[in-house]
Every structure is written in structure tokens, then in C-alpha cells.
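Undergrad: I'll drop the sequence and a predicted model, then ask my questions.
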Amino acid sequence: MYYFIDFSNSGEFSIYLLTPEQGTDIVAMNSGDAIFISYKDTSNQDVSTTDFSEKGVSDMTDNEKQKENYDPNKIKLTPDDDFCGLPPKQYHEMKRRKKSRKRPNLIWKHYFNFRQMDHFPRSGFINYGAAKKMHSDQALCPETLSQHSFGAVALLQQIRDRYGKKIDKSILDRAILFMQYHDLGETENGDIPDNPLRDPDADNKEYACLKRRLKYSKRKLRKQILRDFKIYNQNPDTLSVEDRIFRDLCKLADKLDAILRGLIYESSGHYGILHSKYNHYVSEGEEKIAEIMGSETLVDIFAASLVIHQHNCYYYDIFYKILKAAVIDVRGEWFDQWKSKKARLLAL
């Protein structure tokens, strides 16, 4: 047996007795403007009723106005979506309100997962000794994953503003969105050095972590970021032109941001070197690059690595010009004997 209680704007209410059905318990469900009560007669006997005398009570069954004889202690509220006898329009409105109540909590949960990057320092600057953990000098504070992501996004935004006529804006916007999340998958295992000693299963581990961290995001966003993460780490020769441009812009922004950050450390007098006492992950490739560059500084090796691995990227020339402008601004000159060094680097 079901009762529908309808509240008017004047404060009056109407109770409608609906078609009796078999239920399981007495359940009260609140849609915001109305309450639905389901009653089960466990004795299989008629439920005794009395007439209503309250003003505003009407009867949809053409029977006498009735009052339910039940135990209020057995009534329980439930968030169940199954609102008995609710018309489609009201049902969808109820669903909308329920979803609306969840939004603040979902935003917080996603924000909490996203800001986990704040706790993980970037390994490269620590390994090279340009920055150390828990150092009193703020100039030596290691960069976190959050700061790196912000730097890469800021770099792409500047490129969009300055070179927007040369590069498809929709692809740039896609890259800007992705770079906010590209290192979120490192928040369980920490930043992993991007050199030949890198764990071959690192991408899979980061993908699994990223998927967990995006648990509370909108399904559309989660699907896009996870898809783009795979593209970001995929062999570029297997990608469509649009995906390749997206991937290249992200890679270039990721690598150039690290070099520019290294120059900022340099400007404070902290260069960072390959064979620092903190660096336990020196690879053979880095040794060869240091030999060619005639330098062990972080910026020299990172810049050379950018040239070696990203020179075939779309729009590489834009990022290369930014790198050159930054080096000259901080150091007063470009790398000496660069033409011969570049040829040797590309031959590796």
C-alpha cells in the first residue's frame, strides 16, 4: 500500500492513497518536494483505516479518505533510487538532485588525488645536486611534480599565445589539459629518472596509478587522460598526424621545462652535475653526452638529450629557439662549438 504526500506552497498538504501492492518493509523516501511511504501488511489482513479530518486531504482512489495504522519506529529513510510510482519527469529530477548533492564531495576527492603530486620531488635535480631535500636555502628546495606540471602547462600556454596561428589550437588545448595530469601516475612510486636505467615496466605502473588517482574525475575526463597517456608513451611512428602532434608538443614541453628549471637553479648559483654524490643512476648514455658536451652540468646534458631524442618532433624549432634564448639570457652565450657537438650528438 502506498501513500503520496504532496506539500503545497501555502503549507497545506494532500495525501493520496495509491494502488496496494506487496512490499518488504515500511520505507520512507524523500525526493525533496515529496515523501513516498511503502507499507507491507505482514499479517495478510486488511489494514485498519480511519478518515482524515485534516484540511487539504484528497483521495485518488475515490474511496474514503484513509489514515494508515502503522508503527513509526519501523519507518526508515533510504537513498534508494527506486522511487515507487514516480512519474518519469519527477524521477529524472530526483536523479539530478541526488547527483548535485554528490558534486562537492567528488570535486574534493579528485582535488585531493591531484594534489598528491605536491609531495613528490623531481629526482633529476636532487640526483644532480642542484637541489637537496630539507635544505634551509629556499633556492635549493627540490621541485615537486606539481610544480613541474604547472611549468609545462605555463610553457604550452605561452606557446599557444605566441604561436597560436602556427599550431592547431584544439591540439594545444588538449596538450595543456593532459600535461596537468601527465605525472600523476608517479605519486605511488616517485619520480623515475628518464634514462636507459628506467624500469621497463614503469609506464604500466604509472598508468595503473593514474587510473586510481582519476577515480573521482568525470568519466569523460578520465577516459581522455588515460587514452592520451598511452599515446604520450607510444611509438610516435604508429600514431596519426593529430596524435603525433599532440604527443610531440607534450614531450617537448616536458623536457624543455626541466631544462629551463635547471637554468633557474643556475641563476641562483646551483648548477648540478652528473657525478654528484647523490646521483646513483648514471647511465652510459649520459656519460657519452657529458663527454661530447665537455660538461657535466645538468642543463648541458638535459639540453643535449632534448636535441638527440626530440629533434624529429613537430614544432621542435619553436622549443629549440626558446631553449637558445634562455641559455643566452642566463649564461650570456650559447654552447661553444655547438655545430660540431650537435653533429656528434645526432650520430649517437
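TA: Thanks, I have the structure now. Residues are numbered from 1 along each chain as shown.

Undergrad: Hmm, residue 318 and residue 248 touching each other?
TA: No. Residue 248 lies out of contact with residue 318 (C-beta atoms under 8 Å); the separation is 10.8 Å. C-beta here means a position set from N, CA and C on the backbone, and glycine is covered the same way.

Undergrad: Which one's more surrounded, those two?
TA: Using other C-beta atoms under 10 Å, the more surrounded residue of residue 248 and residue 318 is residue 248, with 21 against 18.

Undergrad: quick one: pLDDT of the more buried one?
TA: Predicted confidence (pLDDT) for residue 248: 98.

Undergrad: Could you do the one 5 residues further on as well?
TA: On pLDDT, residue 253 comes in at 96.

Undergrad: residues near it, how many?
TA: 24.

Undergrad: What of residue 222?
TA: By other C-beta under 10 Å, neighbour count at residue 222 equals 18.

Undergrad: Which of the three states applies to it?
TA: Here residue 222 is recorded as helix under DSSP: H, G, I helix; E, B strand; the rest coil.

Undergrad: which residue packs closest to it, ignoring adjacent ones?
TA: In space, and not counting its chain neighbours, residue 222 is closest to residue 214: 4.4 Å by C-beta to C-beta, 6 or more residues apart in numbering.

Undergrad: Any idea how many residues pack against that neighbour?
TA: When neighbours are counted by other C-beta under 10 Å, residue 214 comes out with 23.

Undergrad: Isn't it up against residue 113?
TA: Yes. Using C-beta under 8 Å, residue 214 makes contact with residue 113 at a distance of 7.2 Å.

Undergrad: which neighbours do the two share?
TA: Taking C-beta atoms under 8 Å, 6 or more residues apart in numbering as the criterion, residue 214 and residue 113 both touch residue 184.

Undergrad: What segments of the stretch 201-348 of the chain are helices?
TA: Listed in chain order, the helices of the stretch 201-348 of the chain (DSSP state H, counting those that start in this stretch) span 202-213, 219-232, 241-267, 284-293, 298-310, 316-331, 338-346.

Undergrad: Mind checking the ones you listed for the one nearest to residue 159?
TA: helix 316-331 (6.4 Å; C-beta to C-beta).

Undergrad: Can you give me the domain assignment for this structure?
TA: 2-86, 124-346 (automatic domain parsing).

Undergrad: ranking those by mean pLDDT, which is last?
TA: Among these, domain 2-86 scores lowest, with a mean of 49.

Undergrad: all strands in this protein, in order from the N-terminus.
TA: Per DSSP state E, the chain carries strands over the ranges 2-7, 13-17, 27-30, 34-38, 49-50, 67-68, 76-77.
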